[in-house]
Every structure is written in structure tokens, then in C-alpha cells.
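Asks: Quick one, fold the following:
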Amino acid sequence: MISAKKFLSLIGITITLSACGTLFGTSEDISGYKEPRFQNEPPIELNVNKIDIISEFTPSFTRPNVEHLFPISIEKTAELWGQDRLKAADFSSSKIAEVIIKDASVTEEIEESSQIFEQDKVKYSARLVISVKISDPESMSHASTDVEAWRTLTIPANTDIVKKEEYWNSMVEKLFNDFNERMTSEIYQNLNAFIKNKDIEPTYY
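Replies: Have a look, this model is predicted:
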């Protein structure tokens, strides 16, 4: 039998572990932000057997790169974009589509004020480069299209972390709104031969 003392000790451990789980949680629980999704738009159906999402981006975790500090990951959002917006629609085909994330970085730059009573500022520059490539192993042919999107944000250097994360979150959302619009147009323009649902009218810019 378990003594009363041991029983109370076990309860204490359980409560402590439960509290730790609530205290630390996931990154989404802590920040309150989630990566934007694109499921409200009709997916682009491609005449391919499958779609692979590949990231060639390796974060350095050292300044001036600060993408790892963002509550929303640009790299993860790019992966979700590929899952939400592109769908394989010909499983008898030998063709393969690849969404290649080449860059998903954010750099930080201090802008010192030349005025005595003016605050220094921090400039954040986000860069997203993605290639959508369709290959046919049988014919050894391929076609691709690339989009490079940017966003910059300048805020006072003494901005607190809560407000800073709000700005970062908005920055990432604007970056992907721009990217999504441009990549959709590029796919319809340059990979039109591989699109099944061509009844969706592209928007050119």
C-alpha cells in the first residue's frame, strides 16, 4: 500500500507537471499568434502526381538575422502556403511539382538618429524567395517560376516586445498577401500548361 505521505507527494508532482505544461505551452500559446493560412481561396490544381515542399533556407540564429525571434515563422508560413494553395490533380501522371523555399529571412539594422532628442530606430527587412517547379522524369523536361517578395518595417528602438510582435505579425501577413497574389499570377502565366482548373481567372499585374 502507498502511505499517505507518498500519496500526497505524488499529487504534488502531478500538479507541478501540469502547471509547467500550462506555464510554458507551445510557441503559439505563448505568443498568441498563428501562421496565416490560405484555405479561403480555391486551390490551384496542377496536373502532377504529387507536390513536394522543400526548404533550402537555413537560419543563422545570429544578428543581423532575426527571423528566429518572430512569433510567426516565415519559413513555416511558406510551407503552409504550398499545402493550401497547390493541389495534385493527376495521380496517373509522372510529373512532380516542387515548392522550393530559397529564402525566408529577416534582417535587423539600427538607424541612429542625428538629432539629440530623437530616438534611434530599428529597420527590419524581410525577404521571401520561392520557386515553383514542375518536372517530368520521363521526358526529362521541367518548367518553373520564381517570386521574390520584400517587406520593410521601421520602429522606435525602445519599442516593447509586445508591441514589437504585433508589428512583426502584421509585417509577415502583408508579406504573404503580396507574395500570394504575385505567385498566383506567375503560375497562371508561366505554368498554365500544367493547370487543371483554368476556369479560375488569373490576375496579371
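Asks: what's the distance between the most centrally placed residue in the chain and F70?
Replies: Note on the chain: the residue nearest the mean C-alpha position is T77, at 2.0 Å, using CA atoms, centre = their mean. Per CB to CB, to the nearest Å, T77 is found 10 Å from F70. Where you see a C-beta, it was placed from the backbone N, CA and C, and this is true even at glycine.
Asks: Helix or strand: which one has R151?
Replies: Assigned by DSSP states H and E, R151 falls within strand 141-156.
Asks: quick one: contacts of that strand?
Replies: For strand 141-156, contacts defined as CB atoms under 8 Å, 6 or more residues apart in numbering pick out 103, 111, 119-136, 163-164, 167-168, 171-172, 174-176, 178-179, 182-183, 186-187, 189-191, 193-194.
Asks: where do the helices sit along this structure?
Replies: 4-24, 27-31, 74-85, 161-190 (DSSP state H).
Asks: Show the low-confidence segments of this structure, by residue range.
Replies: 1-31, 199-205 (pLDDT under 70).
Asks: make it 50
Replies: Counting by pLDDT under 50, the chain contains low-confidence ranges at 2, 4-29.
Asks: quick one: I195 and P43 touch, right?
Replies: No: if you go by CB atoms under 8 Å, I195 and P43 don't touch, sitting 10.9 Å apart.
Asks: N192: what's it in contact with?
Replies: N192 neighbours (CB under 8 Å, 6+ apart): K198.
Asks: change the start of the numbering to 18 and stick with it
Replies: Done: numbering now begins at 18, and the last item shifts to N209.
Asks: Give me the contacts around stretch 183-201.
Replies: Taking CB under 8 Å, 6+ apart as the rule, stretch 183-201 contacts 50, 53, 55, 58, 61, 86-89, 91, 94, 98, 102, 141, 143, 145, 147, 149, 162, 164, 166-168, 170, 172, 176, 219-220, 222.
Asks: Buried residues, it. List them.
Replies: Neighbour counts over stretch 183-201 (16 or more other CB atoms under 10 Å) mark 185-186, 188-190, 192-193, 196-197, 200-201 as buried.
Asks: Please indicate which of the contacts of strand 158-173 are buried?
Replies: Applying 16+ other CB under 10 Å to those flags 120, 138-139, 141-153, 181, 185, 188-189, 192-193, 196, 200, 203-204, 208, 211 as buried.
Asks: circling back to that earlier point, tell me the two of the buried residues of stretch 183-201 that are most distant?
Replies: Greatest spatial distance among these (CB to CB): W185 and T201, at 24.7 Å.
Asks: quick one: the residue nearest to the centre of the chain and A143, what's the gap?
Replies: Counting by CB to CB - T94 and A143 are separated by 11 Å.
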